[in-house]
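J.: Coordinates for the following, if possible.
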Amino acid sequence: MSDSSVFLDRTLTGMLRKQAEAAPEKVALTIVGEDLTYADLVRRSDAMARGLQQLGVGHGSVVAVLAENCADQVVIQFATARLRAIEVMINTAYKGTFLSHQLRVSGAEVIVVDDALVPTVLEILGEVPSLRHLVVRGHQTPGVPGVTVSTIAELRDCDDGPLSLVDPQWTDPSTITFTSGTTGPSKGATMTQNYLCNFAEIEAQIWYRGPEDTFYSCGPLFHLAAKGIAVLGAMRRGVRCVQDERLSVSGFWRRIREENCNATLMLGSVAMLLWTREPSDDEGIDTVVGVPAPPPSLQPAMEARWKCSFESVYGLSEAAPLSRTGPDIPLRPGSSGKIVREYFDVRIFDDNDFELPRGEIGEVVVRPMQPHSIFEGYYGEPEATALKFRNLWFHTGDLGRIDEDDYFYFEDRKDDYLRRRGENISSYEVETAIIRHPAVSQVGVVGVRSEMAEQEVKASVVLRDGASLGYEEFIEHCVATMPYFAVPRYVEFVAELPFTPSGKMQKEKIRATGTAGCWDREQAGIRLSGKSRQGSVIA
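T.: Numbers count the residues shown, from 1 in each chain. Okay, the predicted model is just below:
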């Protein structure tokens, strides 16, 4: 295969321009109330690319984005791809060491940031020596020593002037998204333009029904799910995506009715949040992509109430989607669909890397069946990358099984991974933030089962000799040093933590005690949300 047009179609630039040539005035994206046609997106991304180029952004440069859902997030992704640069998606709830780690590891030279989040960036600026440019969305920010400050409006207005000839390649690293970091600090999974185009193509196979489709999404665009399944998936098929600012449980179905959407994404606990509300006349949609799929015991009732069919998918940042359902692959209870064999070789291994028979539970491992169809590695961390590719197979760290019909069933996380209401949480990073309190000697953080079918965060804390610490003060420290969704709900102060003779914390013992005897933050009346941050819920 050597036709350059084929390879161009495997780039984000080529994907967008193909749709713009076919239907330039068709609305591609309705985002936070603003309609953008395919022609608009080409024009805006070229203008943004010119603006970034004036800041010195080029092949291999890294541009971080710390912003609420907005058109700029989508435009910047296409602009950086046009320049063969790399976009870094950062959770807007991140601050302190969570934020500085991701900026430092990625080597970000430019950060595009909402004006409300500028103080968060300024607090850690001295810890990120690579950062040279601050681009502010919103009000002008005063000068900052050591960096140049621009406004996003200045970049948007670069409609004229030269755009140096750049030929995007399908193999170009295009996006870095950080993993949960369950065995250490979070790592930046590097995705090529081809990976993202394949991702969009496979995801669209799940929910696409025809050229008049409209997909509704309210998930945060710093997550691959919303950006890949919804925005890029819709663009791959040339249909419209409606992307709202955030989830509104009370307004979810109303928005679907207003925008005449026929497909949507329910990520994490969204389905359960909607299910527990009183039924309304607004409820109803053709297709729901559930990640994960609803519990088998509830799926028929949900489909009947919402007049929908559920689809599902399994994958992770490093390799996705590994399995899918769709019109050609019916969803089976408890499954995430069939393995996508055209793109991935997925197997189940035991702890010694021997393949297990069909139906047995083991670790999910994967190899690409086509070039550049999984991630390229962890950015700047070759040793961490090599460890995950043991025996030339990428080890996901997930437990699952594959049945005789090639349907995949996710079983559990292999390591100390936490997932709370759609957010991946590094227990290591939460522990690192907690241990900074002067009264804390040791801490173990685990996930415990919650009523929302995912997990809540539990912290077992050992205080220093003679130190005292109240629960409210402990929570205040957590709120100040970590994202709101990572703040423990359950807290216990203990005399000691369980360790093996070799000094490894036995988290399974902490997990086994559950929440018995723990102080419950929510029962104490302390409920946290993102407020203006992504992921917050409007009740």
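
J.: Show me which helix runs longest in this protein.
T.: helix 38-54 (DSSP state H).

J.: which residues are in contact with that helix?
T.: With contacts defined as C-beta atoms under 8 Å, 6 or more residues apart in numbering, helix 38-54 is touched by 16-17, 19-20, 23-26, 28-29, 36, 63, 71-72, 74-76, 78-80, 82-83, 85, 110, 150, 154-159, 161-164, 235, 238. All C-beta spots, glycine's among them, are computed from the backbone N, C-alpha and C.

J.: Can you select the buried ones among those for me in ChimeraX?
T.: To isolate the buried members of the contacts of helix 38-54 in ChimeraX, using 16 or more other C-beta atoms under 10 Å:
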select :16,17,19,20,28,29,36,63,71,72,74,75,76,78,79,80,82,83,85,110,150,155,156,158,235,238
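
J.: In helices, which of the contacts of helix 38-54 appear?
T.: Counting by DSSP H, the contacts of helix 38-54 contribute 16-17, 19-20, 71-72, 74-76, 78-80, 82, 154-156, 235 to helices.

J.: List the buried residues of the longest helix of the chain.
T.: For helix 38-54, by 16+ other C-beta under 10 Å, it's 38-53.

J.: again, but for stretch 267-284
T.: Of the residues in stretch 267-284, those buried (16+ other C-beta under 10 Å) are 267-275, 283.

J.: Now render the residues you listed as JSON lines, adding distance to residue 396, pLDDT and secondary structure.
T.: Output for the buried residues of stretch 267-284, formatted as JSON lines (distance: C-beta to C-beta, whole Å; pLDDT from 0 to 100; DSSP: H, G, I helix; E, B strand; the rest coil):
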{"residue": "267", "distance to residue 396": "19", "pLDDT": "89", "secondary structure": "strand"}
{"residue": "268", "distance to residue 396": "19", "pLDDT": "78", "secondary structure": "coil"}
{"residue": "269", "distance to residue 396": "22", "pLDDT": "76", "secondary structure": "coil"}
{"residue": "270", "distance to residue 396": "24", "pLDDT": "88", "secondary structure": "helix"}
{"residue": "271", "distance to residue 396": "24", "pLDDT": "88", "secondary structure": "helix"}
{"residue": "272", "distance to residue 396": "25", "pLDDT": "81", "secondary structure": "helix"}
{"residue": "273", "distance to residue 396": "27", "pLDDT": "82", "secondary structure": "helix"}
{"residue": "274", "distance to residue 396": "29", "pLDDT": "91", "secondary structure": "helix"}
{"residue": "275", "distance to residue 396": "29", "pLDDT": "87", "secondary structure": "helix"}
{"residue": "283", "distance to residue 396": "35", "pLDDT": "97", "secondary structure": "coil"}
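
J.: How about residue 128, nearest residue that isn't a chain neighbour?
T.: residue 103 (4.4 Å; C-beta to C-beta, 6 or more residues apart in numbering).

J.: Would you mind pulling up the elements that the helix or strand in which the one you found is found packs against?
T.: Residue 103 belongs to helix 96-106 when assigned by DSSP states H and E. Applying 3 or more C-beta pairs under 8 Å, 6 or more residues apart in numbering; DSSP states H and E, we find helix 96-106 packed against strand 62-66, strand 86-89, helix 118-124, strand 188-192, helix 427-434, helix 471-481.

J.: swap the cut-off to 7 Å and go again
T.: strand 62-66, helix 118-124, helix 427-434 (3 or more C-beta pairs under 7 Å, 6 or more residues apart in numbering; DSSP states H and E).

J.: Let me know which of these is the nearest to residue 343.
T.: In terms of C-beta to C-beta, the element of the helices and strands packed on helix 96-106 nearest to residue 343 is strand 62-66, at 26.9 Å.

J.: Okay, now the sheet partners of that closest one, with direction.
T.: Sheet pairing here is set by DSSP bridges, and for strand 62-66 it gives strand 86-89 (parallel), strand 110-114 (parallel).
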